[in-house]
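J.: Sequence plus predicted model, see below.
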Amino acid sequence: METRVIREITPLSENDFMYVADRHKKEFDYPIHIHDVLELNFVANAAGARRVVGDSSETIDNLDLVLITSPDLEHVWEQHECKSEDIHEVTVQFRINFDMTTSVLRFKCYKSILHMLVRAKHGLAFPCEAIQLVYHRLVKLSTIEDGFIAVQEFFYILYELSKFDNARELATSSFAKIGIESESKRILKVKNYIDEHYKEELGLEQLAGLVGMTPTAFSRYFKQRTSKNISEYIVDIRLGHAARLLIDTADSVSEICWRTGFNTLSNFNRLFRKRKGCSPTEFREKYQKTKVII
């Protein structure tokens, strides 16, 4: 069955900042899609539904809140095993040019929000305590008639969410089609090198040498600034490329294994299942689709 990836046309005009849709429904029926605007999507009472963001696929609980800021990041909420007759969904689509050096978010007081928006290029899922903190404000957002007050209220919600460092990035950078960003030139240099040489054997000593550090010091430095150790980061990059090849090519699983830098097929299958929750073959069957942007 062909599945279309729709480029959603939002109701926002050039002079609008945000659009809020608050609705109750019995099922998820909107197809996988992308859009040029940023989106904060809240879902309640939909345990068992499946959320797909790039190469991330997760079954959600009763509360789910995700921020997406990349225009090319495919996403969808699917019915899956959800039995609810009253799904509550609040979607906020908005415009902020946070990549521009002239953006208001470059001021210090917005630093945490800017950092969150950059991370959300991968899709950002918030923990339950964050959702509960902003829930009452979020569900009242559509009832605020004064546009200025509504925008201020939304910025307050973003600010509260930006305090949660334990929000999880969902898609790998290669699947989200975003550039590598980092405040550290050393980290950026190493990430660029890994992205260009992920198919090759990569050692800690080799990578530390790129930035003139000892392996021990570099390992600690990388973990502090990325929240991942270097081996985890390399695996994520390789799996991201593997996921795209599984969807975009007809290459065999074993061919993709070797092409993405894994040394054995068994190791590739084990890591893929651990990170993605299914085998490479199952992943391909689940996401096989003809992509049509309309």
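T.: It's in. Numbers count the residues shown, from 1 in each chain.
J.: Quick check: which ranges of the stretch 1-150 of the chain have low pLDDT?
T.: Along the stretch 1-150 of the chain, segments meeting pLDDT under 70 span 1-10, 100-102.
J.: which residues of it fall in helices?
T.: Along the stretch 1-150 of the chain, counting by DSSP state H, counting those that start in this stretch, helices occupy 111-119, 128-140, 147-162.
J.: Show me the one of those helices that comes nearest residue 270.
T.: Residue 270 lies closest, by C-beta to C-beta, to one member of these: helix 111-119, at 27.8 Å. Quick note: C-beta positions are derived from backbone N, CA and C, even for glycine.
J.: Mean neighbour count and distance to residue 274 for the helices of the stretch 1-150 of the chain - can I get that in JSON lines?
T.: JSON lines is the format used below for these (neighbours: other C-beta atoms under 10 Å; distance: least, C-beta to C-beta, whole Å):
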{"stretch": "helix 111-119", "mean neighbour count": "18", "distance to residue 274": "23"}
{"stretch": "helix 128-140", "mean neighbour count": "15", "distance to residue 274": "24"}
{"stretch": "helix 147-162", "mean neighbour count": "15", "distance to residue 274": "28"}
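J.: out of those, nearest to residue 84?
T.: With C-beta to C-beta, the closest approach to residue 84 among the helices of the stretch 1-150 of the chain belongs to helix 128-140: 16.6 Å.
J.: and of the helices of the stretch 1-150 of the chain, who's closest to residue 194?
T.: helix 111-119 (18.7 Å).
J.: circling back: redo the helices of the stretch 1-150 of the chain as a markdown table? Include distance to residue 209.
T.: Shown next, in a markdown table, are the helices of the stretch 1-150 of the chain (distance: least, C-beta to C-beta, whole Å):
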| stretch | distance to residue 209 |
| --- | --- |
| helix 111-119 | 28 |
| helix 128-140 | 40 |
| helix 147-162 | 36 |
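J.: among the ones you listed, which is nearest residue 42?
T.: The nearest among the helices of the stretch 1-150 of the chain, by C-beta to C-beta, is helix 128-140 at 5.6 Å.
J.: can you list contacts of the closest one?
T.: With contact meaning C-beta atoms under 8 Å, 6 or more residues apart in numbering, helix 128-140 is reached by 22, 42, 61, 63-65, 88, 90, 92, 153, 156-157, 160-161, 164, 167.
J.: Just give me how far it sits from the chain centre.
T.: 20 Å (C-alpha atoms, centre = their mean, to the nearest Å).
J.: CA-only coordinates of that helix in CSV, if you can.
T.: Only the C-alpha atoms of helix 128-140 are listed here, as CSV (Å, rounded to 0.1, in the frame of the first residue of the first chain):
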residue,chain,number,x,y,z
CYS,A,128,5.6,13.3,32.1
GLU,A,129,6.5,15.8,34.8
ALA,A,130,7.1,18.5,32.1
ILE,A,131,3.7,17.7,30.5
GLN,A,132,1.9,17.9,33.8
LEU,A,133,3.5,21.3,34.5
VAL,A,134,2.3,23.0,31.3
TYR,A,135,-0.9,20.9,30.8
HIS,A,136,-3.4,23.4,32.2
ARG,A,137,-1.9,26.3,30.3
LEU,A,138,-1.7,24.4,27.0
VAL,A,139,-5.3,23.3,27.0
LYS,A,140,-6.5,26.8,27.7
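J.: That helix vs helix 147-162, what angle?
T.: Orientation of helix 128-140 against helix 147-162 (axes from the mean of the first three to the mean of the last three C-alpha atoms, to 10 degrees) gives an angle of 170 degrees.
J.: now the helices for the stretch 151-294 of the chain?
T.: Along the stretch 151-294 of the chain, the segments classed as helices by DSSP H, counting those that start in this stretch run 173-176, 185-197, 204-210, 215-226, 230-248, 253-259, 265-276, 280-287.
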